[in-house]
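Asks: pasting the structure only:
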């Protein structure tokens, strides 16, 4: 899966089924991109999913609420909330 974070940083990662994306992007990302502590409230971890969007579970109500507020495109997700299928 290839994702691009706001600001242009690109990560390529492989994930197990049910994994949360933020848990696999490293400490630097976690410290800088989670104003709310990873609870899906602030939108600071919004990312453009360039490849593999179909490998993610649909957004939860919590995530959808923030995505609507941010006027996110269909291929943007909150890294702290997005989980892989499985």
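Replies: Alright, I've got the coordinates. Everything quoted here is computed from the prediction, not taken from an experiment.

Asks: So what does residue 56 look like in phi/psi?
Replies: phi -100, psi 150 (degrees, to the nearest 10).

Asks: Helix, strand, or coil at residue 67?
Replies: With DSSP: H, G, I helix; E, B strand; the rest coil as the basis, the three-state label of residue 67 is helix.

Asks: Pull up the gap between it and residue 78, please.
Replies: For residue 67, the distance to residue 78 equals 7 Å [Cβ to Cβ, to the nearest Å]. C-beta here means a position set from N, CA and C on the backbone, and glycine is covered the same way.

Asks: So between these two, which is more surrounded?
Replies: residue 78 (29 against 20; other Cβ atoms under 10 Å).

Asks: Show the contacting residues for that one.
Replies: Contact partners of residue 78, counting by Cβ atoms under 8 Å, 6 or more residues apart in numbering, are 40, 43, 45-47, 59, 63, 66-67.

Asks: who's in contact with the residue nearest to residue 41 when sequence neighbours are not counted?
Replies: Excluding its sequence neighbours, the residue lying closest to residue 41 (Cβ to Cβ, 6 or more residues apart in numbering) is residue 66, at 6.9 Å. By Cβ under 8 Å, 6+ apart, the contact list for residue 66 reads 40-43, 78.

Asks: Which single one of these is nearest to residue 16?
Replies: residue 78 (19.4 Å; Cβ to Cβ).

Asks: I'm done for today, thanks for sticking with me.
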